[in-house]
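Engineer: From the sequence below, what's the structure:
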Amino acid sequence: MRYFRDSKGMTLIELLLVIIVMGILFSIAIVGYNKILSNVKKDVDVILIKQIERDYENFLTINDTTHSDETFLNFMSLYYQEYLDKVTYIDGSVYHKELEPIETEEVPFLKINYWMFYPT
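Structural biologist: Purely as a prediction, here's the structure:
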């Protein structure tokens, strides 16, 4: 008890040490946050591309027309005006101009094996 009664608080060096450690932890957290944020933005763009592709196919079917650059621009200006300069349509697929082309891979553990349900 006597030690606490005579103590005047933290020294300046202890306070600086605490501030330095907190600064290091915050800098690590900010770098991780920025990496997560960039990955999320990329994932959102990929989902957006797939949605635009599906909507464009539906647009072509509903209007009973085939693809042309003019038709795609018309579709984009009607429904996705804010993404008009970021998205293009090439060879039957929608591409984001800032992202690399996406190669879709099958996920093996999501494949349904019918022999598991109907053994022969």
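Engineer: Please count neighbours and contacts with C-alpha atoms only from this point.
Structural biologist: Will do.
Engineer: residue ranges for the helices of this structure, please.
Structural biologist: Counting by DSSP state H, one finds helices in the chain at the ranges 2-6, 12-62, 69-79, 114-117.
Engineer: Just name the most buried of the ones you listed.
Structural biologist: The highest mean neighbour count among these, using mean count of other CA atoms under 10 Å, belongs to helix 69-79: a mean of 14.
Engineer: Just the C-alphas of it, formatted as PDB.
Structural biologist: The C-alpha coordinates for helix 69-79 follow below in PDB (Å, rounded to 0.1, in the frame of the first residue of the first chain):
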ATOM      1  CA  ASP A  69     -22.700  -2.200 -79.300                       C
ATOM      2  CA  GLU A  70     -25.500   0.200 -79.700                       C
ATOM      3  CA  THR A  71     -27.900  -2.100 -77.900                       C
ATOM      4  CA  PHE A  72     -25.500  -2.600 -75.100                       C
ATOM      5  CA  LEU A  73     -24.900   1.100 -74.700                       C
ATOM      6  CA  ASN A  74     -28.700   1.700 -74.800                       C
ATOM      7  CA  PHE A  75     -29.100  -1.000 -72.000                       C
ATOM      8  CA  MET A  76     -26.300   0.500 -69.900                       C
ATOM      9  CA  SER A  77     -27.700   4.100 -70.300                       C
ATOM     10  CA  LEU A  78     -31.100   2.900 -69.200                       C
ATOM     11  CA  TYR A  79     -30.300   0.700 -66.200                       C
END
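Engineer: Need the mean per-residue confidence for it.
Structural biologist: Average pLDDT, helix 69-79: 88.
Engineer: Off-centre distance for it?
Structural biologist: How far helix 69-79 lies from its chain's middle: 25 Å, per CA atoms, centre = their mean, to the nearest Å.
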